[in-house]
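K.L.:
build me a structure from this.
(chains A and B)
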Amino acid sequence: MLKYIIPLLLFVVLAVFLALGLKLNPREIPSPLIKKPAPAFSLPILARPEQTFSPDQLKGKVWMLNVWASWCVSCRSEHPVLIEFSRTHDVIIVGLDYKDDRQAGQQWLAELGNPYFLSVMDQDGRVGIDYGVYGVPETFVIDKKGVIRFKFTGPISMKAVNETFIPLLQQLQAETP
Amino acid sequence: MKTLIFTFLCVVSVTVMAAVEYRKFDDPRQEQVYQTLTNELRCLVCQNQTIADSNADLAKDLRRQVYEMLQQGKSQQEIIDFMTQRYGDFVLYRPPLKAKTIILWVGPAVFIVIGLVVLAVISRRKAAGAQSVALTEQEEKRIRQLLEQEDDA
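P.N.:
Numbers count the residues shown, from 1 in each chain, chains lettered A, B, ... in the order given. Here you go, the predicted structure:
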């Protein structure tokens, strides 16, 4: 009897591990930046290059940092979602135009609409490295104290907006700064 | 045909050459550290390549970052810390020994021990089975009877 039970058990264990492996997404790398202060930067604003923006300016507010680029294919599918989100909700989304050409970035916003509070230019990708960006689009949620509370990798869907972002933003809004 | 192949190889070699970056180091030890680091840091875009192997944009940026930090006189450990603070342990091809990664380090040894135990048990059983068993007189008689019956049939 044991002769049959042992291989069966081994098979079940293997099957469970393989099933878990199928569900894992190797692209999703947990960010070590969660619960850490958002890295400081000072970058020129896409629309007004003579002015700069730094995260300090939004202290006391809950906001999102969305990494995008005009060359990024999946950003194209995310863009309408962000537009809808910003149209229907009072939400501050700062765009980090990652390793992009200024003109191409501006043209992209002119063509597809601008959901952003403002966008900044990270032309050489250094701020991207500070935020551990490895695939665009990526989105960070930053709380009133300037701490990163959540990171989303990949294009945001309407489902993610409704099920993840809206509840999280509400929860963070309720916190005292 | 030969000229065609030759032309093709020339074209290919030009593009390959173009991908090589030239990094100037004053200190050969720094160059050594640069080689070690770029061969131990994972490119997060093409996850099965190191940043030395990969031609992805991010890998280029990370190589530049490593180079610049070395030029600033940062140590190997400082650069590794810089990378893990931003990308997590995943950026390292050699994961650090932690509670979370213990299975990676101890796992293979555990499996070897399990294998050896199973091997020992099986071989011991086989050895025990192969031992000749002494038969009593009665048993021997019975065997002879049975064999004779077979012959008759």
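K.L.:
who are the neighbours in contact with B:Asp53?
P.N.:
When contacts are counted by CB atoms under 8 Å, 6 or more residues apart in numbering or on different chains, B:Asp53 touches B:Cys43, B:Ala59. In this view, the C-beta of every residue, glycine as well, is placed from N, C-alpha and C.
K.L.:
now with 10 Å?
P.N.:
Residues near B:Asp53 by CB atoms under 10 Å, 6 or more residues apart in numbering or on different chains: B:Thr38, B:Asn39, B:Arg42, B:Cys43, B:Cys46, B:Ala59.
K.L.:
are we agreed that it is in a helix?
P.N.:
No: applying DSSP: H, G, I helix; E, B strand; the rest coil, one finds B:Asp53 to be coil, outside a helix.
K.L.:
circling back to that earlier point, from the contacts of B:Asp53, pick the one nearest chain A.
P.N.:
Closest approach between these and chain A, by CB to the nearest CB: B:Cys43, at 8.5 Å.
K.L.:
contacting residues for the spatially closest residue to the closest one that is not a sequence neighbour?
P.N.:
Spatial nearest neighbour of B:Cys43, chain neighbours left out: B:Ser54 (3.8 Å); criterion: CB to CB, 6 or more residues apart in numbering or on different chains. By CB under 10 Å, 6+ apart, the contact list for B:Ser54 reads B:Thr38, B:Leu41, B:Arg42, B:Cys43, B:Leu44, B:Val45, B:Cys46, B:Gln47, B:Asn48, B:Lys60, B:Leu62, B:Arg63.
K.L.:
about what we covered before: can you tell me which of the contacts of B:Asp53 are in strands?
P.N.:
Judged by DSSP state E, the contacts of B:Asp53 include no members of strands.
K.L.:
can you pull the contacts of the closest residue to B:Pro96 other than its chain neighbours?
P.N.:
If the residues on either side of it in the chain are set aside, B:Pro96 comes closest to B:Asp89, at 6.2 Å by CB to CB, 6+ apart. Applying CB under 10 Å, 6+ apart, we find B:Asp89 in contact with A:Ile29, A:Pro30, A:Pro32, B:Arg42, B:Met83, B:Pro95, B:Pro96, B:Lys98, B:Lys100, B:Thr101.
K.L.:
the domain parsing of chain B - what is it?
P.N.:
Structural domains assigned to chain B are B:2-91, B:102-152, following automatic domain parsing.
K.L.:
for those, which one ends up most surrounded?
P.N.:
domain B:2-91 (a mean of 15; mean count of other CB atoms under 10 Å in any protein chain shown).
K.L.:
please name the residues that touch the one residue in chain B that gets nearest to chain A.
P.N.:
In chain B, the residue that lies nearest chain A is B:Leu44 (3.5 Å; CB to the nearest CB). Listed by CB under 10 Å, 6+ apart, the contact set of B:Leu44 reads A:27, A:29, A:132-135, B:51, B:54, B:56, B:58-59, B:62, B:87-88, B:90-91.
K.L.:
quick check, B:Pro96 in contact with B:Gln77.
P.N.:
No: look at B:Pro96 against B:Gln77 with CB atoms under 10 Å: they stay out of range, at 11.4 Å.
K.L.:
still on that earlier bit, so can I have CSV of the contacts of B:Asp89 showing pLDDT?
P.N.:
CSV is the format used below for these (pLDDT from 0 to 100):
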residue, pLDDT
A:Ile29, 78
A:Pro30, 80
A:Pro32, 90
B:Arg42, 91
B:Met83, 95
B:Pro95, 83
B:Pro96, 84
B:Lys98, 85
B:Lys100, 80
B:Thr101, 83
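K.L.:
sweet, I'm off.
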